[in-house]
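Asks: Below: sequence and its predicted model.
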Amino acid sequence: MSVARQLACVKNCLPEGTVLVAVSKTHPVEAIREAYEVGQRIFGESRPQELLAKYEALPRDIEWHMIGHLQTNKVKYIAPFVRLIHSVDSARLAETIQREASKCGRTIDILLEIRVADEETKSGWDIGGLMDYLRSAPFALMPNVCVRGVMGIATHTDDAGIVARDFAELRRCFELLRPHFGARFDTLSMGMSHDYRLALAQGATMVRIGSLIFGERDYSGQAGCGA
């Protein structure tokens with residue numbers, strides 16, 4: 001099945017208003033262009049250098065999202081154009097994004113990554129530590145960063161009950177944080193190709209889907225992140 005047909009199948013399964021991030025990491029420019037030509041405009045990448053290369057090769061009206069773990073020394077590569085950084089998992093990263101966004105004279109939207117999975121390999125804020133950080137009003141000192149919501153990845157398991165529990169906890173964190181950020185705090189990014197239906201049932205407003213659109217990817221030499 002073509003990328004265009006797979007994309008249409010996914011879109012038909014999403015409730016109205018759900019934002020679809022087509023996770024294009026490791027896939028060629030030609031596959032992204034096929035999705036673009038049938039109307040998809042939001043794409044997610046997990047490696048800054050790959051993201052930059054695709055940005056330069058593809059139409060400028062694409063909305064690029066950084067969905068993978070982001071090292072502070074790589075922020076500079078994507079700061080001039082990235083629309084949304086999903087995986088902000090530390091104060092140091094948030095402060096680096098503020099600095100690089102300021103250099104570019106723009107505001108960058110971000111999501112706070114919260115660790116809800118019972119796995120040490122997952123990154124993200126502990127909600128208690130994040131609340132402590134917020135009490136010091138740090139984001140009031142970051143005029144070039146706009147916190148739009150939260151994201152997270154559920155436990156890697158076939159147990160749907162555990163996955164649903166993780167998504168419900170992420171939704172709870174989203175509601176807990178909302179009063180701190182106001183009306184623009186509207187994004188709950190959770191759910192990938194294998195679990196997006198469970199995420200939607202728990203209130204996801206944005207899903208990150210890759211393999212159901214582009215097919216399975218080759219992970220050789222690359223770290224996996226949400227898709």
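Replies: Right, received. Where do you want to start?
Asks: gap between the residue nearest to V3 when sequence neighbours are not counted and S193?
Replies: In space, and not counting its chain neighbours, V3 is closest to E34: 4.3 Å by C-beta to C-beta, 6 or more residues apart in numbering. For glycine as for every other residue, the C-beta is placed from the backbone atoms N, C-alpha and C. Distance, E34 to S193, using C-beta to C-beta, to the nearest Å: 18 Å.
Asks: From the chain's centre, how far out is the helix or strand bottoming out on mean pLDDT in the chain? Work that out for me.
Replies: Sorting the helices and strands of the chain by mean pLDDT, DSSP states H and E puts helix 127-135 at the bottom, at a mean of 92. Relative to the centre of its chain, helix 127-135 is centred 21 Å away, using C-alpha atoms, centre = their mean, to the nearest Å.
Asks: If you count contacts, what does it end up packed against?
Replies: Packing partners of helix 127-135 (3 or more C-beta pairs under 8 Å, 6 or more residues apart in numbering; DSSP states H and E): helix 160-181.
Asks: what comes into contact with the helix it packs on?
Replies: The contact list for helix 160-181, computed with C-beta atoms under 8 Å, 6 or more residues apart in numbering, reads 112, 114, 116-118, 127, 130-131, 134, 139, 147, 149-152, 154-155, 157, 185, 188, 190-191, 195, 198-199, 201-204.
Asks: Can you flag the buried ones in those residues?
Replies: 112, 114, 116-117, 127, 130, 134, 139, 147, 149-152, 154, 185, 188, 190-191, 195, 198-199, 202, 204 (16 or more other C-beta atoms under 10 Å).
Asks: element containing the residue nearest to F139 when sequence neighbours are not counted?
Replies: The shortest distance from F139 to any non-neighbouring residue, by C-beta to C-beta, 6+ apart, is to V147 (5.9 Å). Taking DSSP states H and E as the criterion, V147 maps to strand 145-151.
Asks: Thanks again, I'm all set now.
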